[in-house]
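S.K.: Mind folding the following:
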Amino acid sequence: MGFLVRTAFWLSVVVVLLPTPGSMKAPETKFGATEAVGAAAAAVTDMRGFCTRQPEACEVGSNALTAFGYKAQASAKWLYEFLTEKMGSDQTAAAPAKQVPVVDTAPPSQHTLTPADTAPAWRAPQPTKQASAAK
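M.R.: Okay, the predicted model is just below:
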C-alpha cells in the first residue's frame with residue numbers, strides 16, 4: 001500500500017512539473033496554492049463526511065483535482081505528440097528515397113537435392129570382438 005501512495009505522489013509531482021504548451025493550456029480556475037494546501041490538510045484531517053461539513057474546502061479540492069486532471073491530460077498529449085514527431089522524423093529520414101527492385105541473382109541449380117540424395121550411404125554392421133574371437 002505504501003508503494004502505491006509513493007508512486008501516486010511522485011507521478012503527481014511529475015505531472016505538476018511538466019511544461020504545458022500554450023496551445024494546450026487548461027481552463028483557468030479560481031483557486032490559489034494556499035487554498036489548495038488548506039483543502040488538502042482539511043481532507044487529511046477529516047475524510048468521513050468531509051463534503052457535508054466543509055463544502056467550501058470540498059469545492060476548492062474538486063477544482064484543484066479538475067485542474068490537475070486537465071494538466072495531466074494536456075501534458076500526456078504534448079508528450080505523445082513530441083515523441084510521435086521525433087520518432088516519425090527519424091523513420092522518414094532513414095527511409096530510402098527511391099525503391100530499387102531486387103533481382104534474384106542465384107543460379108538456377110540451387111536447392112535441387114531430393115531427400116534420397118541427402119540420405120547417408122548404407123554400411124554393413126561391423127563385427128564385434130566377441131564374434132571374431134568365436135571363429
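
S.K.: any idea of the mean pLDDT in stretch 8-27?
M.R.: Confidence for stretch 8-27, expressed as mean pLDDT, is 73.

S.K.: Same check on stretch 63-70?
M.R.: Per-residue scores along stretch 63-70 average to 85.

S.K.: For that stretch, buried residues please.
M.R.: Across stretch 63-70, burial judged by 16 or more other C-beta atoms under 10 Å covers Asn63, Ala64, Ala67, Tyr70. For the C-beta atoms, the positions are set from N, CA and C on the backbone; glycine is no exception.

S.K.: what phi and what psi does the backbone show at the first one?
M.R.: Dihedral angles of Asn63 (phi, psi; degrees, to the nearest 10) stand at phi -60, psi -40.

S.K.: That one and Arg123, how far apart?
M.R.: Here the criterion is C-beta to C-beta, to the nearest Å. By it, Asn63 lies 90 Å from Arg123.

S.K.: cool, and Tyr70?
M.R.: From Tyr70 over to Arg123 (counting by C-beta to C-beta), the distance is 82 Å.

S.K.: same thing with Gln73?
M.R.: For Gln73, the distance to Arg123 equals 76 Å [C-beta to C-beta].
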